[in-house]
Structures are given as C-alpha cells and as structure tokens.
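1. Okay, predicted coordinates and the sequence, questions at the end:
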Amino acid sequence: MDKSAKAGEFAIRARKLTKIFNGLIAVNGIDLEVKKGEIFAFLGPNGAGKSTTIKILTTLLQPTSGEILVNGYNPIIQQDEVRKSFGIVFQDPSLDDDLTAYENIEFHGILYGIPKALREKRIEELLRIVELWDRKDGFVKTFSGGMRRRLEIARGLLHHPSILFLDEPTLGLDPQTRNQMWNYILNLNKKENITIFFTTHYIEEAEKIAKRIAIIDHGRIIAEGTVEDLTRRTNTASLEDAFLSLTGREIRNEDVGNLDNTRMRRKIMRR
Amino acid sequence: MNTIYIFWLRQIKKYLRSRSRLFGSLAQPVLFLVALGFGFGPIFQKAGGGNYINFLTPGIITQSILFTAVFSGMDLIWDKQFGFLKETLAAPVPRLHIILGRTTGSATIALMQGTMVMLLSLLFGFRPYDFSRLLFAFLFMFIIAFLFTALGSAIAALIDDFQGFQFIVNFLLMPMYFLSGALFPLDGLPKIFTIIATVNPLTYGVDALRTCLVNISHLSLLLDLTVLGSLAVALLIVSSYSFSKIQI
C-alpha cells in the first residue's frame, strides 16, 4: 500500500527496463523516475536507446523485461489507460499530408473520444496558440517543417495529456521556431502542470529547459541529475563537457531498421 | 464506432481528392472491356455463347474491384513510411476498429469504382438482366471488395516497401484474375484449370456477379455467398492480427 502511494508522485517509473532486438541490446536494464510536473531531458548519442525507451513507455514497443508505470498504469497490460494519459510528438513526421491541418487534429480528437463541442473549442484554442488558426484549412503537404511541428504539438496536447513525450522535437527547426515552441511548452508545464519528457541532440536546449537530465549511452543510464549535479560530478564547466566526458568523443553510427532507413532517405531527398 | 467511422471517412476523403486515382483506375478495365469485348464478341457469338459484352462485364467489374481493393494495401504501407501509422497506433482504440474502418473505407472505394465501370459498360452495350437483382449485385460487389481489401491489408502489414508489395500482389493477382472465369466460361476446361478455378476465391465472386447481373451461372449463389462471406471474415481476422503485430 505504501508502494502505490509513492507511485502517485511519479509520472514515469521504470525498473530494469530492457529491450533486446535480435540479440542486440538496445536498452539495458535502465531505471527511471520522473516526477509529476517535472521537465525531464533524455540525452545521448545516436543509437543510445532514447527512442526505443520512448516507444516502450508509449506502448508502441513491448519491452523484453522490466517493470514500468506511466501515470500509475502499466503500458504492457493497461495500454488504453496509458495511451489516454500521454501526448506524443514523434521524431519523424506523423501527419497525414492529404488532410488539412484541421482534419488532422480533428481526427485525433475523435480517436481520443473527445465530445464534439469540447473538441471544437479545444482545437481552436490550440491552433491559435501555435498560430495555425488562419491556416487550419490548408493541406499539410503545403506546410513547412516548423508548421508541421507546431501542428503536431497542438495535436499531442488536444486530449489534455498529463505527460507530453517529445522525441527530438526541435530537429530541423530554425532558432525562432525552436524558441517559440519551447515557450509554449514551458508555459503549459507551468499552467497545467504537464510532465515533459523530451530527448534532444542539442545540449544547450537540455541545459536551458530541463530541470533534470539523464544521460543514456549503450542502453544504460550513465548519469542523472540537475545540470549542476552533472557538471560537479564530472568536474567540468558546462553540460556539453560533462556529456562528452561521460560518453566519450568518438562518433556513433546508428543501426537503423529497414523502415527507418527509407524514412531517412526520404528526409534527405526532401531537403 | 466513432473510430471505425473516422477511418472510413479518411479513406473516402483521400480517394475523392485524388482525381488521377479516380480516373486512372478506370482506364484498364475499360480497355479490357472494349478490346476483349469487341475483339472476341463475334467468335463468342458464333460459338453459341451469346452476347459476349454481357458475359464479360461482370468479369470486368470484378477486375476493377479486385485491383482497387488489393492495391489499397499501399495506403497502409504509405502510412507506415510517412509516419501517420504511429499516430494511429499510439491512440487508445482497439486495433480491430482501426482495421475495420480502413477496410470498409477502401472496400467502399472499390465498390464505387466497380459501379463506375458498370455504368460505363452500359455505353458499350451491357444490359443487366433484371433490375430488381441489382441490389444483390451490389451486395456481392461489396463482399468481394471487402474480402480483397482485407487480403491487401494482411499482405501490406507484413511488408515495408512499395516495390515488394507490388511484386507480391501482381504475382498473386494476375493468375487469380485470368483463372477465375472472368474472361471465359469455365465449362469444358482442362482438369488442371478446373482445379485452380475451384480454389480461386475470385471464381465465386465472378460467378455471383454474373448470376445477379446477366443470369449466367456456373455455381449456386448460396455456395458463392458462403465461400466469399467466410473468406472475408477469415481475412479480416488475419489482417487484424498481422496489423496488431506491426512494430515501428
């Protein structure tokens, strides 16, 4: 009983979480605790296991072993409860290009069972916040990368999630858009006490935004704490130095699956 | 229910917005109807088979439904490749509802496509035998569409690239189509063809449609319905299962 009372404080809790793909250990027994309302950054080199962890926490992948609770629910057996409780912005685009901005977000609202009147009100509110209300009837295929991102964020927030997962949310965005986007998110965190769990490659972003940071490498969490904790521990001057001293300086190659590969090719072609 | 509806609506909207797909997919069946219909018509008539356009039209309608339905599996691959599937899979809805919505949506499109082919064939001399039976014709057209959409989805769930899908589907569809009795009567064929036609689900679709539209039948309508109906349910279960196994 004591255990469940404690679990109430945490948005995310994972113990000895492990994922093995055909003999390759992507996530190797990690422990995670993220408190409700916290802004938590997940840092790591390519292929460290960041996206895999997010996919497991969001029910898209089954872990090989380990225990997880997301908002007090188990993503392996209470999938729908978990799914209702988080919003997610994926690393790759996940909008339907052939639908309009409004249709995309409305589709989401219907999937999440939001009643019509409430849905319409909330969509307008969110599209105004991300400054896409004037473009609501534009087809997503005509949108720039930044606009798509903003739409995805609005969509992820539509059903009032208590956790927002952001997997490399600012990848490929210009500094203006990035800045604006974080402002919205920080504001939401303050106003609605939404837990923010994000991964990023930009270390200065983690430094500026996150209250707590976990550094993951080779599927293990190698350090965790506030920026001060991490710099103190590694005896370095900045988070970047701390990161490099913890993860080493060599460049990593990411093993990507067939699907990721074609997605990447497509992204390169688009640029 | 809402989930099924919204997935159905999405398929329909996307289809109606893509004019090229709408008209492009009419070209092939019409070409078949005109070339074969007028080309073989006189011989068919001489051999005592009657009006070949009437005989052929149900086969051509089935063809357009078959190809539209199976190739709708491409939509699923498209969603995998372009990321929309992740949005779908992270949603708190039963996987069966997702696949049911997608399948009825694409089946509706295939039905519309088949209906357009039927209307066009009127221009080339096709005349349905009895208008009161048209309703049954549409029912069978929908079952055929549903069955083959589910087949396309089941294949697409297992395959990640467009080329692979096209290759497998063509490999499967071409023989299925040519050996279904869509283009010629199944009476008096070599034994091997008869066996293939018997295990070919499309045979039952062509026969049912031909019975309803022009009153030429090879098998009983009840047998057609039983085979097509149970296969449709079985393939829905298979596609729903393989869909739920997709990991991204």
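-> That came through fine.
2. A:I25 in helix, strand or coil?
-> Counting by DSSP: H, G, I helix; E, B strand; the rest coil, the backbone at A:I25 sits in strand.
3. cool, the one 4 residues further on as well?
-> Reduced to three states with three-state DSSP, the structure at A:G29 is strand.
4. next one: A:L17
-> The three-state label given to A:L17 by three-state DSSP is strand.
5. Quick check: phi and psi at the closest residue to it other than its chain neighbours.
-> Nearest residue to A:L17, sequence neighbours excluded (Cβ to Cβ, 6 or more residues apart in numbering or on different chains): A:G66, at 3.6 Å. No exception for glycine: its C-beta is placed from N, CA and C like everyone else's. Per-residue torsions, A:G66: phi 110, psi 170 (degrees, to the nearest 10).
6. Distance check, A:G66 against B:P128.
-> A:G66 sits 63 Å away from B:P128, going by Cβ to Cβ, to the nearest Å.
7. Repeat that for B:T115.
-> Using Cβ to Cβ, we find B:T115 at a distance of 12 Å from B:P128.
8. just so I have it, where are all the helices in the stretch 101-250 of chain A?
-> Applying DSSP state H, counting those that start in this stretch to the stretch 101-250 of chain A gives helices spanning A:101-111, A:116-129, A:145-157, A:175-192, A:203-209, A:227-234, A:239-247.
9. ditto for chain B
-> Counting by DSSP state H, chain B has helices at residues B:2-17, B:19-46, B:52-71, B:73-81, B:84-89, B:95-123, B:134-158, B:162-178, B:191-199, B:201-214, B:221-244.
10. any idea of the mean pLDDT in stretch A:15-24?
-> For stretch A:15-24, mean pLDDT is 91.
11. What residues sit buried inside that stretch?
-> A:17-19 (16 or more other Cβ atoms under 10 Å in any protein chain shown).
12. hmm, who's touching that stretch?
-> Residues from elsewhere that reach stretch A:15-24, judged by Cβ atoms under 8 Å, 6 or more residues apart in numbering or on different chains: A:25-32, A:49, A:52-53, A:56, A:61, A:63-68, A:219, A:255.
13. Would you write a ChimeraX line that selects the buried entries of those residues?
-> In ChimeraX syntax, the buried subset of those is picked out as below (16+ other Cβ under 10 Å):
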select /A:26,27,28,30,32,49,52,53,56,61,63,66,68,219
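14. related to what we said a few turns ago, let's have the helices of chain B in a markdown table, adding distance to A:L239, mean neighbour count and mean pLDDT.
-> Output for these, formatted as a markdown table (distance: least, Cβ to Cβ, whole Å; neighbours: other Cβ atoms under 10 Å in any protein chain shown; pLDDT from 0 to 100):
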| stretch | distance to A:L239 | mean neighbour count | mean pLDDT |
| --- | --- | --- | --- |
| helix B:2-17 | 43 | 18 | 94 |
| helix B:19-46 | 51 | 15 | 89 |
| helix B:52-71 | 51 | 26 | 95 |
| helix B:73-81 | 36 | 21 | 92 |
| helix B:84-89 | 30 | 22 | 92 |
| helix B:95-123 | 41 | 21 | 95 |
| helix B:134-158 | 43 | 24 | 96 |
| helix B:162-178 | 43 | 15 | 93 |
| helix B:191-199 | 66 | 13 | 92 |
| helix B:201-214 | 62 | 26 | 95 |
| helix B:221-244 | 41 | 17 | 95 |
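15. Show the contacting residues for residue 210.
-> I went with chain A, as the question did not name one. Taking Cβ under 8 Å, 6+ apart, we find A:A210 in contact with A:39-41, A:198, A:227.
16. Sorry, I should have been clearer: chain B.
-> B:55, B:58-59, B:216-218.
17. before we move on, what about B:F38?
-> With Cβ under 8 Å, 6+ apart, B:F38 has these contacts: B:53, B:124.
18. Which positions in chain A make contact with chain B?
-> A:55, A:58-61, A:79-81, A:83-84, A:88, A:90, A:92-99, A:103, A:107-108, A:110-113, A:155, A:258-259, A:262-263, A:266 (Cβ under 8 Å from any Cβ of the partner chain).
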